[in-house]
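this one's structure only:
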Ligand SMILES: Nc1ncnc2c1ncn2[C@@H]1O[C@H](COP(=O)(O)OP(=O)(O)OP(=O)(O)O)[C@@H](O)[C@H]1O
Ligand SMILES: [Mg+2]
């Protein structure tokens, strides 16, 4: 896909030069290590030759000196010299064979250093505490609430930029909540914190009254169905993508595909749901990829759905159908399903029980759709887009539009 972008912008030569520059660094590194290895081998072979020469010279010298004295009393004979020579040859062959592994050994030492650093990171920085704690906590038997208490967060690579500043909200079981706000205000970040890809800098995320940091992460993530802003599909069949390594039957996967309105499209592929869908799902359209990702989230039968602009690439009709399915999911499942959606389109959030509007990382307004519309001076309407929203705008009273 990167190749297509390069070709579309006609920057092949520039990218080739950039790639060449990187190759050049590798080439220089290769030449440097080649010279070092060459010098090492040269010195080694030279020292072997010198050692043989010295042995022969010294052995010969000792033998001659012995003969010149008294032959009978000579301490060293020709056999001894040969033994020393054979011992030297054997020892040097061993050293020489071992030194053949030297480049690999140096690489292994360097890799071991990085690996050790990563192993040291694993506990603290990469994976949060309790990551390997497989035992499901009793407080995760069901999802009662998700609460953010004055959460402050910045990404580790940009410590000076505060992304979430004292973000607080409360979501109770079965609630349909939406986050809206201008681009970059921290909506996707909020979802990433719920998934515990990061921990807050200060404040707390509390699940069912227990801080998220004290819950086993895997068990927590198993309760969630996540559809990302740019869903990633694996280079395998549609069926395997929907199952995503979980213990899900074919029937359940097919049902999830039906709910996500993608079943018909998938069954028309040459091998149906078992068809290979390309690297990153590249053989599907953007909207189809999104629907497979929605099917993947639904197939896990989650307790909460996290939808980060999950229907943004769909046409109005498909979006309406998927949205209707999502809206009716509680009835289909026969139990409460908490839904957290991020969207700019009105159709996606109109039925939400609560809409939080974020600005610079905190909630600047909240309320139901109707309540927010009543306050039409708010920035809420600016966050709507798409033809549906134009239809909606045309239905507004003139005074509401004038307030915008
Ligand atoms: N991995 C990251 N490292 C550093 N900064 C990041 C990272 N991801 C996002 N940010 C920054 O955090 C801020 C919030 O990003 P976020 O993705 O939450 O925005 P958003 O509200 O989802 O926007 P959009 O509507 O465009 O998707 C942005 O200013 C962004 O530049
Ligand atoms: Mg986002």
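Received the coordinates, thanks. What you see is a predicted model; the values in this text were computed from it and never measured. Numbering: from 1, shown residues only. Ligands and ions are numbered 1, 2, ... in the order given.

Helix, strand, or coil at residue 363?
Per DSSP: H, G, I helix; E, B strand; the rest coil, the secondary structure class of residue 363 is strand.

can you pull out the strands in the stretch 151-300 of the chain?
164-172, 176-181, 202-207, 210-211, 224-227 (DSSP state E, counting those that start in this stretch).

helices or strands up against the last one?
Same thing as strand 224-227. helix 286-299, strand 304-308 (3 or more Cβ pairs under 8 Å, 6 or more residues apart in numbering; DSSP states H and E). Yep, even glycine has a C-beta here, placed from its N, CA and C like the rest.

So it, near ligand 1 or not?
No. Strand 224-227 stays clear of ligand 1 (Cβ under 6 Å from any ligand atom), getting no nearer than 13.4 Å.

Which of the strands of the stretch 151-300 of the chain sits closest to residue 65?
Nearest to residue 65, of all these, is strand 202-207, at 85.4 Å by Cβ to Cβ.

What are the contacting residues of that closest one?
139-140, 143, 145-152, 166-168, 193-194, 196, 211-213, 215, 220 (Cβ atoms under 8 Å, 6 or more residues apart in numbering).

Take these and keep only those in helices.
Judged by DSSP state H, the subset of the contacts of strand 202-207 located in helices is 193-194, 220.

any chance of the strands of the stretch 151-300 of the chain in JSON lines, plus mean pLDDT?
Output for the strands of the stretch 151-300 of the chain, formatted as JSON lines (pLDDT from 0 to 100):
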{"stretch": "strand 164-172", "mean pLDDT": "94"}
{"stretch": "strand 176-181", "mean pLDDT": "92"}
{"stretch": "strand 202-207", "mean pLDDT": "94"}
{"stretch": "strand 210-211", "mean pLDDT": "90"}
{"stretch": "strand 224-227", "mean pLDDT": "92"}
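
Could you save these as CSV and add columns showing mean neighbour count?
Listed next are the strands of the stretch 151-300 of the chain as CSV, based on neighbours: other Cβ atoms under 10 Å:
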stretch, mean neighbour count
strand 164-172, 18
strand 176-181, 23
strand 202-207, 17
strand 210-211, 12
strand 224-227, 23
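
Need those strands in a markdown table (columns: distance to residue 23).
What follows is those, written out as a markdown table (distance: least, Cβ to Cβ, whole Å):
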| stretch | distance to residue 23 |
| --- | --- |
| strand 164-172 | 41 |
| strand 176-181 | 44 |
| strand 202-207 | 45 |
| strand 210-211 | 49 |
| strand 224-227 | 38 |
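
For residue 161, which residues are in contact?
154-155.

Let's have the helices and strands packed on strand 224-227 in TSV, adding mean pLDDT, mean neighbour count and distance to residue 101.
As requested, those are exported to TSV (pLDDT from 0 to 100; neighbours: other Cβ atoms under 10 Å; distance: least, Cβ to Cβ, whole Å):
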stretch	mean pLDDT	mean neighbour count	distance to residue 101
helix 286-299	90	24	46
strand 304-308	93	23	50
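
Around ligand 2, which positions in the stretch 201-350 of the chain sit nearby?
Taking Cβ under 5 Å from the ion, the part of the stretch 201-350 of the chain that reaches ligand 2 is made up of residue 229.

Poorly predicted segments of the stretch 201-350 of the chain, please.
Residue ranges of the stretch 201-350 of the chain with pLDDT under 70: 346-347.

Going along the chain, name the helices of it.
Taking DSSP state H, counting those that start in this stretch as the test, the helices found in the stretch 201-350 of the chain are 217-222, 238-243, 250-259, 263-267, 286-299, 316-327, 329-333, 346-349.

Contact partners for residue 327?
176, 351.

need the longest helix for the protein.
Longest helix in the chain, counting by DSSP H: helix 12-68.

Quick check: buried residues in the helix or strand following that helix?
The element immediately downstream of helix 12-68 (helix or strand, assigned by DSSP states H and E) is helix 78-100. Residues of helix 78-100 classed as buried under the neighbour-count rule (16 or more other Cβ atoms under 10 Å) are 81, 92.

Now do helix 78-100 against helix 12-68, angle only.
170 degrees (axes from the mean of the first three to the mean of the last three Cα atoms, to 10 degrees).

which residues are contacting helix 78-100?
Under Cβ under 8 Å, 6+ apart, the answer for helix 78-100 is 40-41, 44, 48, 51-52, 55-56, 59-60, 62-63.

Stretch 277-296 too?
Contacts with stretch 277-296, where a contact means Cβ under 8 Å, 6+ apart, come from 1, 225, 227-228, 231-238, 241-244, 253, 256-257, 259-262, 265-266, 269, 276, 307, 310-315, 318, 322, 326.

one step back: redo the helices of the stretch 201-350 of the chain as CSV? Include distance to residue 184.
Shown next, in CSV, are these (distance: least, Cβ to Cβ, whole Å):
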stretch, distance to residue 184
helix 217-222, 26
helix 238-243, 30
helix 250-259, 32
helix 263-267, 33
helix 286-299, 22
helix 316-327, 24
helix 329-333, 30
helix 346-349, 19
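
distance between the ends of stretch 260-279?
21 Å (Cα to Cα, to the nearest Å).

sorry, back to before: for the longest helix of the chain, packing partners?
helix 78-100, helix 102-121.

Give me the angle between it and helix 102-121.
Going by the same axes, to 10 degrees, helix 12-68 makes 120 degrees with helix 102-121.

Helix 12-68 - what's its average pLDDT?
For helix 12-68, mean pLDDT is 88.

ok so, going back, tabulate the helices and strands packed on helix 12-68 (CSV), appending mean pLDDT.
Shown next, in CSV, are the helices and strands packed on helix 12-68 (pLDDT from 0 to 100):
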stretch, mean pLDDT
helix 78-100, 86
helix 102-121, 83
